[in-house]
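Peer 1: What follows is a protein structure lacking sequence information:
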């Protein structure tokens, strides 16, 4: 049976790149696999794929009962493919916390607390003496640049920096130039609808008893987004009503200045004030130095919601 | 902070050996760690430690809130140390399914579907170019022999066999001779109380809505155990009453002939009949070819309990 490899919903560059790269690793190991994506590729990922003359993986809408799958860049079932409860998870390559995850049988699970899944995959190539092509190096490098915002995110580790340094020569690019162009390609918001802005890179978290949705968008012009605040609030309130979120947070991250401005709605909106010691004004607040959902936003909201 | 490394409750040879070996790995990597055990070492493990002139790790009764821990050979919280919910799990080295496990933050997780945790640790030494001492090799070899019952268990993989083959020369022992002596050292039941027999290597599993306790004892003389059936049933019924198990199963495994005889009590006793297509006689049945709790007993009981 061909094993299906995919990352999380609302795919970002690490999720798409890691699915393609993990497929390359598994094929070199003699396994029958195919990479997929669970949604549209964003502008940043499209830039990276185009630069290295690669096709995006096929779209996967759901997995069937008994399908064998390999997860990359996620493990929580609510971030995964529809039907994942009935699939057999053979392997996981990830760099997130483990939660809402359970298997019936032993599996291969490889997680490390580094900035990017691709940093782990780069290690796996070396441990198993596999060949890293220019394209695989380009994908892993793009994923590292994306997840670490060119090493400005606090999620960045020495291992991510070392991996990028190794990979840039194989990929044949100048790290700063390529990286900034790639990040900018994903940072334009003018051509996105309000719905696209709040769903493009959104993840759901069960925090205590609360159902929390956190969307993030990387931009070079924060004001361009907040000029459309009322339109965005309408879209968020629709999502809250439809899916019953207790808190919906849009994190608009300024990739040049490494700050974020947040928009928070839902019954638990005030948890944002406690989480970051800020006062919301028109449901918004600037979060100085905050760029990482995983390392800064989720832990702080978790604390704020459990201090109740 | 010194990180505490330990395996599961009712420690077996893989759990004790892997705690000691993982501590050696972490120390060689420059980390501040100490190995522990969660209960008394069994006769088999004592033989292995004595053979390689090693001390058992210190006993750990519980972990405190905020303690940093490294788990080996388990992940499910009900098999772990008291207080594990409030500890920070920094790393896991394991070869079991993942369940009842959740972290707040990203972590290092290394699992592979092989017969023994030590087989994975042997890989880690090589991946990181660390030194394997005679003692570490002896511990890993003992763990592999124990978990695979000298390669007779269906949990045995090629990787376990290859690892044992590498390690026996470093450890300086004859595999068959040493292995059989070690297994026999743990196989005498005459000096054990009924309570020791049913708690020595027992694990609790949440299967569907049911609370299932499965104890296993490896022996060379199955009749020696079942001559004491009534005494053992009394001890099991006490446990059922005290802890509310829906099913308590004692698996008595004949390590020379690779069969097991099972004793099943509790409201769900008949799930054993469905699980293995046998009829219980005096609450017992012979399970031909069954030696692995993980690969045979747990999956079959899971199916039987979900077919209701």
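Peer 2: Arrived safely. In this text the structure is predicted, and so the values were computed from the model without any measurement.

Peer 1: Would you agree residue A:1 is in contact with residue A:63?
Peer 2: No. Counting by Cβ atoms under 8 Å, residue A:1 stays clear of residue A:63, with 11.9 Å between them. Placement of C-beta: from N, CA and C, glycine included.

Peer 1: between those two, which one's more packed in?
Peer 2: A count of neighbours by other Cβ atoms under 10 Å in any protein chain shown puts residue A:63 above the other of residue A:1 and residue A:63, at 23 against 9.

Peer 1: what sits against the more buried one?
Peer 2: Residues near residue A:63 by Cβ atoms under 8 Å, 6 or more residues apart in numbering or on different chains: A:4, A:69, A:81-84, A:86-87.

Peer 1: Return the members of these classed as buried.
Peer 2: Among these, those classed as buried by neighbour count (16 or more other Cβ atoms under 10 Å in any protein chain shown) are A:4, A:69, A:81, A:84, A:87.

Peer 1: I'd like to know which of these is nearest to residue B:113.
Peer 2: Set against residue B:113, the nearest of those by Cβ to Cβ is residue A:69 (14.7 Å).

Peer 1: Give the bridge partners for that closest one, please.
Peer 2: Under DSSP bridges, the beta-bridge partners of residue A:69 are residue A:4, residue A:89.

Peer 1: wait, it sits on residue A:92?
Peer 2: No. At 9.4 Å, residue A:69 and residue A:92 do not qualify as touching, with contact defined as Cβ under 8 Å.

Peer 1: Could you check which helix or strand contains residue A:204?
Peer 2: Using DSSP states H and E, residue A:204 maps to strand A:202-207.

Peer 1: Pull up the pairing partners for that strand, direction included.
Peer 2: strand A:210-219 (antiparallel).

Peer 1: for residue A:89, what are its contacts?
Peer 2: By Cβ under 8 Å, 6+ apart, the neighbours of residue A:89 are A:69-71, A:103, A:107.

Peer 1: Relative to residue A:32, how far out is it?
Peer 2: Relative to residue A:32, residue A:89 is positioned 16 Å away (Cβ to Cβ, to the nearest Å).

Peer 1: Could you find the closest non-adjacent residue to the residue sitting nearest the centre point of chain A?
Peer 2: Centroid check for chain A by Cα atoms, centre = their mean gives residue A:12 as the closest residue, at 4.9 Å. Using Cβ to Cβ, 6 or more residues apart in numbering or on different chains and skipping residues adjacent in sequence, the residue nearest residue A:12 is residue A:201, 5.7 Å away.

Peer 1: With residue A:54 instead?
Peer 2: residue A:135 is the one closest to residue A:54 (Cβ to Cβ, 6+ apart), at 5.9 Å.

Peer 1: ok, how many other residues are close to the nearest residue to residue A:88 once chain neighbours are set aside?
Peer 2: Spatial nearest neighbour of residue A:88, chain neighbours left out: residue A:68 (5.0 Å); criterion: Cβ to Cβ, 6+ apart. With neighbours defined by other Cβ under 10 Å, the count for residue A:68 comes to 16.

Peer 1: can you pull the pLDDT of residue A:68?
Peer 2: With respect to pLDDT, residue A:68 scores 98.

Peer 1: residue contacts, it?
Peer 2: With Cβ under 8 Å, 6+ apart, residue A:68 has these contacts: A:1, A:3-4, A:87-88, A:90.

Peer 1: Let's see that with 7 Å instead.
Peer 2: The contact partners of residue A:68, taken as Cβ atoms under 7 Å, 6 or more residues apart in numbering or on different chains, are A:1, A:3, A:88, A:90.

Peer 1: Got the confidence number for residue A:133?
Peer 2: Value for residue A:133, per-residue pLDDT: 98.

Peer 1: ok, it to residue A:48 distance?
Peer 2: 15 Å.

Peer 1: Compare the two and say which one has the larger neighbour count.
Peer 2: Ranked by neighbour count (other Cβ under 10 Å), residue A:133 and residue A:48 place residue A:48 first, with 25 against 14.

Peer 1: Wait, the more buried one touches residue A:13, no?
Peer 2: Yes. At 5.9 Å, residue A:48 and residue A:13 qualify as touching, with contact defined as Cβ atoms under 7 Å.

Peer 1: what is in contact with the two at once?
Peer 2: residue A:142.

Peer 1: For the stretch 101-250 of chain A, just list every one of the helices.
Peer 2: A:117-127, A:134-148, A:158-171, A:175-185, A:194-199, A:222-226, A:229-243 (DSSP state H, counting those that start in this stretch).

Peer 1: Turn the ones you listed into CSV, including distance to residue B:129 and mean neighbour count.
Peer 2: As requested, the helices of the stretch 101-250 of chain A are exported to CSV (distance: least, Cβ to Cβ, whole Å; neighbours: other Cβ atoms under 10 Å in any protein chain shown):
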stretch, distance to residue B:129, mean neighbour count
helix A:117-127, 11, 22
helix A:134-148, 22, 27
helix A:158-171, 16, 18
helix A:175-185, 28, 18
helix A:194-199, 46, 19
helix A:222-226, 47, 16
helix A:229-243, 49, 15
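
Peer 1: Of all these, which one is nearest residue B:305?
Peer 2: Nearest of the helices of the stretch 101-250 of chain A (Cβ to Cβ): helix A:229-243, 33.1 Å.

Peer 1: remind me which residues of the stretch 151-300 of chain A are low pLDDT?
Peer 2: For the stretch 151-300 of chain A, no stretch is flagged by pLDDT under 70.

Peer 1: What parts of it come near chain B?
Peer 2: residue A:299 (Cβ under 7 Å from any Cβ of the partner chain).

Peer 1: mind redoing it with 8 Å?
Peer 2: Proximity of the stretch 151-300 of chain A to chain B, by Cβ under 8 Å from any Cβ of the partner chain, involves residues A:294, A:299.

Peer 1: Farthest pair within the contacts of residue A:89?
Peer 2: So, the contacts of residue A:89 by Cβ to Cβ: farthest apart are A:70 and A:103, at 12.6 Å.

Peer 1: who's more crowded, these two?
Peer 2: Set residue A:70 next to residue A:103 and count neighbours by other Cβ under 10 Å: residue A:70 wins out with 23 against 17.

Peer 1: Touching, that one and residue A:90? I think so.
Peer 2: Yes. Counting by Cβ under 8 Å, residue A:70 touches residue A:90, with 5.8 Å between them.

Peer 1: what is in contact with these two at once?
Peer 2: residue A:3.

Peer 1: in the sheet, who's paired with residue A:93?
Peer 2: In beta-bridge terms (that is, DSSP bridges), residue A:93 pairs with residue A:72, residue A:110.

Peer 1: and the gap between it and chain B?
Peer 2: 11 Å (Cβ to the nearest Cβ, to the nearest Å).

Peer 1: same thing with residue A:10?
Peer 2: 19 Å.

Peer 1: do residue A:191 as well
Peer 2: From residue A:191 to chain B the distance is 33 Å (Cβ to the nearest Cβ).

Peer 1: swap in residue A:135?
Peer 2: Residue A:135 sits 25 Å away from chain B, going by Cβ to the nearest Cβ.
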